[in-house]
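Asker: Quick one, fold the following:
(3 chains)
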Amino acid sequence: MTRKQKRLALLAGVFAVAAGGVALVLTALGQSVAYFYTPADLSRLAAPPSGLIRLGGLVEAGSVEYAEGGAAVRFVVIDEFARTPVFYRGPLPDLFREGQGVVTQGRLVDGRLEASEVLAKHDETYMPKEVADALKEQGRWKEEGGAYKP
Amino acid sequence: MVTEYANPEKFSRLARPFIPALGAMSVLLFTAGLYYALFNSPADYQQGETVRIMYVHVPAAWMALFCYAAMAGASAAGFIWKHPLADVAAKATAPIGAVFTALALVTGSLWGKPMWGTWWAWDARLTSVLILFFLYLGYIAIWETVEERARAARLAAIVAIVGAVNLPVVKFSVDWWNSLHQPASVFRAGGPTIHESMRPPLFFMAFAYMTTYGALLLVSMRAELAARRLARLETLATEKISGVRPE
Amino acid sequence: MSGLVAIVARDVVLALRAGGGAVQAALFFALAVLVFALAVGPDLDTLAELAAPVLWTAALLSTLVSLDRIFQADFEDGSLDVMIETADLLELVVLAKAVAHWLTSALPLIIAAPVLALLLNLPQEGYGPLLLSLAIGTPALSLIGALGAALTLGMRRAGALVSILVGPLYAPTLIFGVGAAKAGLEGAPSYGPSLLLLGAVTLFAAALAPLAGAAAIRFNMR
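Answerer: Here you go, the predicted model:
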């Protein structure tokens, strides 16, 4: 081989290896490597994970119950397919409300998440309150509750 | 046209009037942007007044990516075409980009505490931006460590180009992974999801950052070129005095 | 081709000699794990949860401290000059050097990992995922490390600089490596995708590091 052919062969090799990498990424992204599980993910598992997990989804409307004089809260995280009850003792973020997207972290005990942390997930929509109210009045409001779309 | 301005002396002369012009624009845009952001824009229906942090945070994050892309692009140009100003531009961009990245990280943290309920989360977006910050620092460290300028330029260029693989990760992290960070609101398929009353402060701030970057870039490039000229003159002077060419 | 095999074989033989690096790498690895375990304390449940992250971190650190071995000796005794002169493709020399580094620094540590995992109380079902993730991920550490070593070739105080340069580039390997090891242990659905992404990182490193490393060596040796 001449020097030029060798360099071309090298470049071809580099591209082949990189293409292999891209193929692996695409295969992996078909499945999800999640910052959090969704309730549906959990329901599909053969055995519930034993360690600390994160659970993401929407706070089910009407499910929020305060306990211990407001120091603790019980609610249900849902997605389109499944629901997981959560118990949490501690301060809640400002954005926490029913219908809102949340990411909670804790351990599963008998199908209930004993959360040590509750984070509110915000969506990519920004608008003034008046606009949101007007949209609701006109019936054009999409009740998404945060960015979370299962 | 590009090579015409490759002459450092000529570039320095031509760049000079742009510095006060860009500086004045940046002051005006910051005034307008901050006025809109802090006083003349509505509170968000969910976030309330905290949304105002977004006007500082989002354009800073754009600039963090833009500056890295500019740095890597200039590094590649210096690598391929040996354009004498490319390395100077890349070197001057690095600290500016690092500051924008730090600003995005800090303001994001300030927003995250009241909204998410935490200062920091190791989700894909936050982590990849933190890595971006360290890539800037690595790039700067090469220039600081390697004394010989041409060698530093080439090595730093390699670091900048290799690190550029992180840029798509930062941009698309929120789409690829279920992250805590919200997806893009402006540069997204299907149009922006920011209400039009909230866009003016955002764009004023973005242009304010751009002009600031432009002004600082030119100042820094001229300073670097002057420093190089000084180093050359010192070498010449030494030669003249001692009569030998110093190695 | 035979020249590249010779480079790998030579480095492996040198590392296996008394005072070579292979034993040192495993010892450093064991020491790092020990320090973590002492700092965490005797609680076996906590140790079990931290086993995979601790072993991965220790692997990363022991790779980092052994990077100067990749080119430094050859640079000092002039054999790197010979390689640059005689090799058709310097990129392949960098690749061979990275392979040699993996064989002498990462492989001993993968062999030592099960014993250390035992000390960290790693549950039985965690061994397979841990070793698999180390096997797939550590080549990326050697490859990216070879790039870092090439960038800092012949510099004084190269150690600190190489950490600053290589550290952020190691992040994806560490994230997906630990992610895969933990997901495999817990039987989580992200196990497969994490391994795939870890493999992708290694392939990207294999494609890019030799190119960039060879360029860096040329600039540093000029």
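Asker: The least confident helix or strand in chain B by mean pLDDT near chain A at all?
Answerer: One helix or strand of chain B scores below all others by mean pLDDT, DSSP states H and E: helix B:166-176, with a mean of 81. Yes. Using Cβ under 8 Å from any Cβ of the partner chain, helix B:166-176 comes into contact with chain A via residue B:176. In short, each C-beta sits where N, CA and C put it, glycine included.
Asker: For residue 45, list the residues it contacts.
Answerer: Looking at chain A here, since you left the chain open. Contacts for residue A:45 (Cβ atoms under 8 Å, 6 or more residues apart in numbering or on different chains) come out as C:187, C:188, C:189.
Asker: wrong one, chain C
Answerer: Residue C:45 touches residue C:121, counting by Cβ under 8 Å, 6+ apart.
Asker: What are the buried residues along the helix or strand hosting it?
Answerer: Using DSSP states H and E, residue C:45 sits in helix C:44-65. With burial defined by 16 or more other Cβ atoms under 10 Å in any protein chain shown, the residues of helix C:44-65 counted as buried are C:47-65.
Asker: just stretch A:113-129 next, same as before
Answerer: Residues of stretch A:113-129 classed as buried by neighbour count (16+ other Cβ under 10 Å): A:113, A:115, A:117-128.
Asker: Pick out whichever of those residues sits closest to chain C.
Answerer: residue A:113 (14.9 Å; Cβ to the nearest Cβ).
Asker: for chain B, what are the low-confidence residue spans?
Answerer: Chain B contains residues with pLDDT under 70 at B:1-6, B:177-179, B:189-190, B:244-247.
Asker: Helices of chain B, start to end?
Answerer: Along chain B, the segments classed as helices by DSSP state H run B:8-15, B:18-38, B:52-81, B:86-115, B:124-145, B:149-163, B:166-176, B:199-242.
Asker: For chain C, which residues are neighbours of chain B?
Answerer: C:147, C:151, C:155, C:157, C:161, C:164-165, C:167-169, C:171-172, C:175, C:204, C:208, C:212, C:215-216, C:219-220, C:222.
Asker: how many degrees apart are the lengthiest helix in chain C and helix B:149-163 in direction?
Answerer: Taking DSSP H as the criterion, chain C has its longest helix at helix C:191-221. For helix C:191-221 against helix B:149-163, the angle by axes from the mean of the first three to the mean of the last three Cα atoms, to 10 degrees is 170 degrees.
Asker: Show me what helix C:191-221 is packed against.
Answerer: helix A:3-30, helix B:149-163, helix C:79-86, helix C:90-101, helix C:127-151, helix C:158-186 (3 or more Cβ pairs under 8 Å, 6 or more residues apart in numbering or on different chains; DSSP states H and E).
Asker: Any idea which of those gets closest to residue B:11?
Answerer: helix B:149-163 (16.4 Å; Cβ to Cβ).
Asker: And residue C:211, how close does it get to residue C:89?
Answerer: 10 Å (Cβ to Cβ, to the nearest Å).
Asker: Over to residue C:156?
Answerer: Taking Cβ to Cβ, one finds residue C:156 at 30 Å from residue C:89.
Asker: repeat for residue B:41
Answerer: In terms of Cβ to Cβ, residue B:41 sits 58 Å off from residue C:89.
Asker: The two - which one has more neighbours?
Answerer: residue B:41 (20 against 17; other Cβ atoms under 10 Å in any protein chain shown).
Asker: May I ask you to confirm that that one is in contact with residue B:195?
Answerer: No. Counting by Cβ atoms under 8 Å, residue B:41 does not reach residue B:195; the two are 9.8 Å apart.
Asker: OK, contacts around residue B:138?
Answerer: B:159, B:163, C:164, C:165, C:167, C:168.
Asker: Done for today, thanks.
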